[in-house]
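Asker: Give the three-dimensional model of this entry:
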Amino acid sequence: MLTMGSIVGPSHIPITVFTGFLGAGKTSIILSLLPLLPKDYKVVLLKNEFGDVQVDSQLAKQSSLTAVSEILNGCMCCVLVGQMETALREIRDKYRPDRIIIECSGSAFPATLAFQIRELERETNRDLRLDAIVTVIDAENFTGYEDTSPTAKMQASYSDIILINKHEHVDERTLDTLIDDLNTLNLDTPKIKCDGRNGVDPNVLFGVDTKLFMDPAAQGSEDHHDEVKTLTAYRGFLPTCHDHEHHDKDSCISREEVDADRGVFESALASLNKDSVWRVKGFVRLDSAIWILNWAFGRYDLTLFEGDASLMHGASIRLTIMGDKYELNRKPIPAAVKKFCSDLQVQVA
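Answerer: The predicted structure is shown next:
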C-alpha cells in the first residue's frame with residue numbers, strides 16, 4: 001500500500017521533470033504512476049511533443065490526470081521556453097494541483113529546462129519548485145543511440161533518478177553492460193529497474209527536493225534538438241497542411257475516411273529501419289475505429305482512441321515520424337521511409 005509521506009501535497013507545487021530519448025517509455029511510466037496515488041491527489045501533465053499530431057497527449061487525456069497541457073512543434077527547453085513558463089503559471093492559477101509533471105520531448109536537454117524552472121522558483125517565491133529530474137532509459141536501444149546522440153548522454157548524466165525501462169527484453173549480460181555505461185556517465189545517481197507495465201513506486205520519485213541545477217552559469221548547449229528530424233505522414237486531409245508552402249492545392253483535398261488494411265499497416269511498420277527511424281506515433285483508422293499508434297525502435301502498441309473523432313475528420317492516417325536528421329532530410333522522400341510511405345499510400349510533409 002502506498003505510504004503518504006512524500007505524496008501528500010506540500011504548500012508549494014512540486015515539479016517533476018521526466019526526460020529520456022525518443023521511445024524510452026516516458027508517457028507509459030507517467031501513466032502507470034497514477035493508479036498508485038491517493039484518489040484526491042491532483043496531477044497536471046505539461047507535455048512537449050514533436051510535430052503537431054498530439055498522440056501521447058491524447059493517451060494522457062484518457063487517464064485520471066486532472067489536466068493535460070501541451071506545447072507542440074518545438075523544444076520547450078530552449079526555443080519554446082517562454083511558453084513553458086506561461087503554461088506553468090496558468091496550471092498553478094487554474095488547477096492548483098498537488099504536483100506538476102513535465103514530460104520533455106525526446107531531444108530535450110534537462111539542464112537548460114531545469115534552470116528555467118529555478119528562475120521561476122525565484123519569481124514565484126518558491127511556490128513552483130523543482131522536485132526532481134527523472135531520466136528514462138530504453139534498455140534495448142540505449143547502447144545504440146548513445147554513440148550518435150550527445151543529448152541522450154546528457155539526459156543520463158544530469159539526473160536525480162535513472163529509470164531503466166524495457167529491461168525485460170534484454171539478457172543479463174546486455175543489462176550489465178548498460179549499467180556499466182550508465183555508471184560511466186553518472187556513477188552516483190540511483191538506477192532503478194521499472195516493473196514492466198507497473199512502472200515504479202511514486203514514493204521513490206516524488207519528494208526528492210533536488211539540489212541539481214542551482215548555478216545558471218553551468219547551462220549547456222542548445223543545439224541538441226538538431227539531432228532529430230521530424231516528418232508528418234498522412235493519408236487524407238491534413239489540418240495543418242496550409243502551413244507547408246511546398247504542397248500543391250490538390251494534396252490538401254479531403255479524402256474519404258477509409259480504413260487502412262491491418263496487414264499492410266503491420267508490414268509497413270516492419271519495413272522501418274530502427275537505425276534511421278526511431279519513433280513513429282499518430283492515429284490510424286483500422287477495423288472501423290481510430291487507434292493511437294506508438295512505435296519505437298521496432299516495437300509498437302495500438303491503443304483504441306476514445307476521444308473526439310473529429311480529430312481524424314477526412315483522414316485515414318496521421319503520423320509523426322522521428323529519426324536521424326541526416327537520413328530523414330533526404331529528398332524527395334527519404335529512403336528510410338520510402339517503402340513505408342509507398343505501402344500506406346501516405347504523403348510526407
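
Asker: continuing past the host helix or strand of residue 337, what's the next helix or strand?
Answerer: Taking DSSP states H and E as the definition, one finds residue 337 inside helix 335-344. Stepping forward along the backbone from helix 335-344, the first helix or strand reached (DSSP H and E) is strand 347-348.

Asker: Give the burial count for residue 264, as a bare number.
Answerer: 12 (other C-beta atoms under 10 Å). The way it works is simple: take the backbone N, C-alpha and C, and place the C-beta from them, glycine included.

Asker: check contacts around it.
Answerer: 343, 344 (C-beta atoms under 8 Å, 6 or more residues apart in numbering).

Asker: Looks to me like it is in a helix.
Answerer: Yes. Judged by DSSP: H, G, I helix; E, B strand; the rest coil, residue 264 forms part of a helix.

Asker: if we can go back for a sec, buried residues in the helix holding residue 337?
Answerer: Using 16 or more other C-beta atoms under 10 Å as the test for burial, helix 335-344 gives 336, 337, 339, 340, 341, 343, 344.

Asker: nearest spatial neighbour of the first one, skipping sequence neighbours?
Answerer: Read that as residue 336. Once its chain neighbours are removed from consideration, residue 336 has its nearest residue in residue 276; the separation is 3.8 Å (C-beta to C-beta, 6 or more residues apart in numbering).

Asker: what's the residue closest to the geometric middle of the protein?
Answerer: Nearest residue to the geometric centre of the chain (C-alpha atoms, centre = their mean): residue 105, 4.8 Å.

Asker: sorry, back to before: only alpha carbons, please: show the helix holding residue 337 as CSV.
Answerer: Backbone C-alpha positions of helix 335-344 (Å, rounded to 0.1, in the frame of the first residue of the first chain) are rendered in CSV as follows:
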residue,chain,number,x,y,z
ALA,A,335,14.9,6.1,-48.4
ALA,A,336,14.5,5.2,-44.8
VAL,A,337,10.7,5.7,-45.0
LYS,A,338,10.1,5.3,-48.8
LYS,A,339,8.7,1.8,-48.7
PHE,A,340,6.7,2.6,-45.6
CYS,A,341,5.1,5.6,-47.3
SER,A,342,4.5,3.7,-50.5
ASP,A,343,2.8,0.8,-48.8
LEU,A,344,0.5,3.0,-46.8
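
Asker: which secondary structure elements does it contact?
Answerer: With contacts taken as 3 or more C-beta pairs under 8 Å, 6 or more residues apart in numbering; DSSP states H and E, helix 335-344 sits against strand 228-236, helix 262-270, strand 315-324, helix 325-328, strand 347-348.

Asker: Direction included, what does the first one pair against?
Answerer: In other words, strand 228-236. Strand 228-236 pairs in its sheet with strand 315-324 (antiparallel), strand 347-348 (antiparallel), by DSSP bridges.

Asker: can you list the ones you listed in TSV and add mean neighbour count, mean pLDDT and distance to residue 191?
Answerer: As requested, the strands paired with strand 228-236 are exported to TSV (neighbours: other C-beta atoms under 10 Å; pLDDT from 0 to 100; distance: least, C-beta to C-beta, whole Å):
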stretch	mean neighbour count	mean pLDDT	distance to residue 191
strand 315-324	24	89	26
strand 347-348	18	88	39
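
Asker: As CSV, the ones you listed with distance to residue 196 would be great.
Answerer: As requested, the strands paired with strand 228-236 are exported to CSV (distance: least, C-beta to C-beta, whole Å):
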stretch, distance to residue 196
strand 315-324, 25
strand 347-348, 35
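
Asker: Please, where are all the helices along the stretch 151-300 of the chain?
Answerer: For the stretch 151-300 of the chain, applying DSSP state H, counting those that start in this stretch gives helices covering 172-185, 202-205, 262-270.

Asker: Including distance to residue 35 and mean pLDDT, could these go into JSON lines?
Answerer: Listed next are the helices of the stretch 151-300 of the chain as JSON lines, based on distance: least, C-beta to C-beta, whole Å; pLDDT from 0 to 100:
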{"stretch": "helix 172-185", "distance to residue 35": "27", "mean pLDDT": "92"}
{"stretch": "helix 202-205", "distance to residue 35": "10", "mean pLDDT": "92"}
{"stretch": "helix 262-270", "distance to residue 35": "29", "mean pLDDT": "94"}
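
Asker: so where is the chain shaky, pLDDT-wise?
Answerer: Screening the chain residue by residue with the criterion pLDDT under 70, one finds the ranges 1-10, 50-61, 72-82, 144-149, 213-227, 237-257.
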